[in-house]
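In: Build the 3D model from these lines:
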Amino acid sequence: METVEQIRDRLLARFPGATVEVRSNPSPSGQHSLLLGAATAREIAQFLRDDPALRLDQCSNVTGVDWPEKEVVETTKTTVPDPAGGPAKVVEQKSRRLEPGCLEVVYHLYSIALRHGPLVLRLRTGNRTDQVTLPSLTPVWRACEFQEREVFDLFGVRFEGHPDLRRILMWDGFQDHPMRRDYVEPDDYEWEPTPHGAVLAKAKRHYPAPAPAAKP
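Out: Have a look, this model is predicted:
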């Protein structure tokens, strides 16, 4: 199979203006990936499936990743001449910036016909709150259907164009998305009206304080 760089170049030639970036993986597996912009992700997926040299006809895995907002520290080095004529000094300056959070969906693609793969695709939402919609790739690979439902259920990504987008692991009335990094379990659950054990210990934090005993 072609390298991710070669596939990226072909995609950019086929889809001018599309966002296609290589994300390197420094681990021993070296499984590099392609980050796609949402606007052309489904068109690119169809190309990857139908291109004679790739024929990526099978999506084996779909998973979600939660990337909360984080502070990034960047260091820049500047060479400053010595006013006294001595050797120049290298001065380090650190700057801080906030990197916005997002939700990410990762697809692993294989070709059953040509026996190669995987090609790893990544799609990212605009943020973690009100811009969490991505195009569903189920119309391209039917195997994505249940797995995208899992990502919707557990992470909260809304897949536009999915044929049956509803919870698959949690019940309909369940609040929030339990695989998000900031998810907080409730102190009690509807199936346990009388808390006990570890749940009781958490629930007690919210019980009203006992009234002071009356003085005799």
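
In: Thr19 reaches Leu34, doesn't it?
Out: No - Thr19 is beyond contact range of Leu34, at 9.9 Å (criterion: C-beta atoms under 8 Å). Using the backbone N, CA and C atoms, a C-beta is placed for each residue, glycine as well.

In: So which of these two has more stuff around it?
Out: Taking other C-beta atoms under 10 Å, Thr19 and Leu34 do not tie; Leu34 has more neighbours (23 against 17).

In: Could you confirm the more buried one falls within a strand?
Out: Yes - checked against DSSP: H, G, I helix; E, B strand; the rest coil, Leu34 lies within a strand.

In: need the contact list for it.
Out: Counting by C-beta atoms under 8 Å, 6 or more residues apart in numbering, Leu34 touches Val4, Ile7, Arg8, Leu11, Val20, Glu21, Val22, Arg23, Leu119, Val120, Leu121, Arg122.

In: Now, those residues that are in helices?
Out: Under the assignment DSSP state H, those contribute Val4, Ile7, Arg8, Leu11 to helices.

In: What's the local residue count around the last one?
Out: Number of residues near Leu11 (other C-beta under 10 Å) recorded here: 20.

In: ditto for the one 4 residues further on
Out: Per other C-beta under 10 Å, the neighbour tally for Phe15 reads 17.

In: Same question for Arg128.
Out: For Arg128, the neighbour count with other C-beta under 10 Å is 22.

In: With Leu35 instead?
Out: Count around Leu35 with other C-beta under 10 Å applied: 16.

In: Quick check: it vs Ile112, distance?
Out: 25 Å (C-beta to C-beta, to the nearest Å).

In: picking that back up, out of the ones in helices among the contacts of Leu34, the closest to Glu104 would be?
Out: The nearest member of the ones in helices among the contacts of Leu34 to Glu104, counting by C-beta to C-beta, is Val4 at 16.8 Å.

In: what residue is smack in the middle of this protein?
Out: With distances taken as C-alpha atoms, centre = their mean, Glu104 lies nearest the centre of the chain, 1.9 Å away.

In: And the pLDDT for it?
Out: For Glu104, the pLDDT comes out at 98.

In: That one and Val65 touch, don't they?
Out: Yes - with contact defined as C-beta under 8 Å, Glu104 counts as touching Val65 (4.2 Å).

In: ok so Thr75 is a strand residue?
Out: Yes - Thr75 forms part of a strand when assessed by three-state DSSP.

In: So what sits opposite it in the bridge?
Out: Lys94 (DSSP bridges).

In: I'd like to check which residues are in contact with it.
Out: Per C-beta under 8 Å, 6+ apart, neighbours of Thr75: Glu92, Gln93, Lys94.
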